[in-house]
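Visitor: got a predicted structure here, sequence first:
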Amino acid sequence: TLHRPSPTATMMSSPSRLVWHRRDLRLADNELYHSDQKTIYSLYIFDPSDYSTRQTGISDGKGGQLRSLNHGPHLTRRLIDAVYSLRRALR
């Protein structure tokens, strides 16, 4: 049987830290990773609103407005690569 300590016991024995990455995925100059914390949890959430369309304010000539993606495919690919890179660096 695998023994897992209770979350309360783990928190009491060593303080933990949660780092929520929003736009900045760099580690080298991130003060939160250069501390005495033994347990650091990193979190990145892909926001669905970043991948939806938005109005540009430019007329489409038919009484409507042109729409644009907040994050297109190229920026999305770069972001996914950056998250994978962060994950590898933290292992």
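Guide: Here it is on my side, so go on. In this text the structure is predicted, and so the values were computed from the model without any measurement.

Visitor: in the protein, which ranges drop under the pLDDT threshold?
Guide: Within the chain, the stretches with pLDDT under 70 are 1-14, 37.

Visitor: and the longest helix for it?
Guide: Longest helix in the chain, counting residues (DSSP state H): helix 73-90.

Visitor: isn't residue 65 up against residue 56?
Guide: Yes. In this structure, residue 65 is within contact of residue 56 by C-beta atoms under 8 Å, at 6.2 Å. Where C-beta positions appear, they are placed from N, C-alpha and C, glycine not excepted.

Visitor: nearest residue to the middle of the protein?
Guide: The structure's the chain has its C-alpha centroid closest to residue 44; by C-alpha atoms, centre = their mean the separation is 2.3 Å.

Visitor: got a list of contacts for the longest helix of the chain?
Guide: 21, 25, 27, 40, 42, 44, 46, 51, 71 (C-beta atoms under 8 Å, 6 or more residues apart in numbering).

Visitor: just give the nearest non-adjacent residue to residue 21, would you?
Guide: residue 44 (4.5 Å; C-beta to C-beta, 6 or more residues apart in numbering).

Visitor: just the buried ones from the contacts of helix 73-90?
Guide: Among those, the ones that count as buried by 16 or more other C-beta atoms under 10 Å are 21, 25, 27, 42, 44, 71.

Visitor: what about the fourth one, helix or strand, and which?
Guide: Element membership of residue 42, judged by DSSP states H and E, is strand 39-44.
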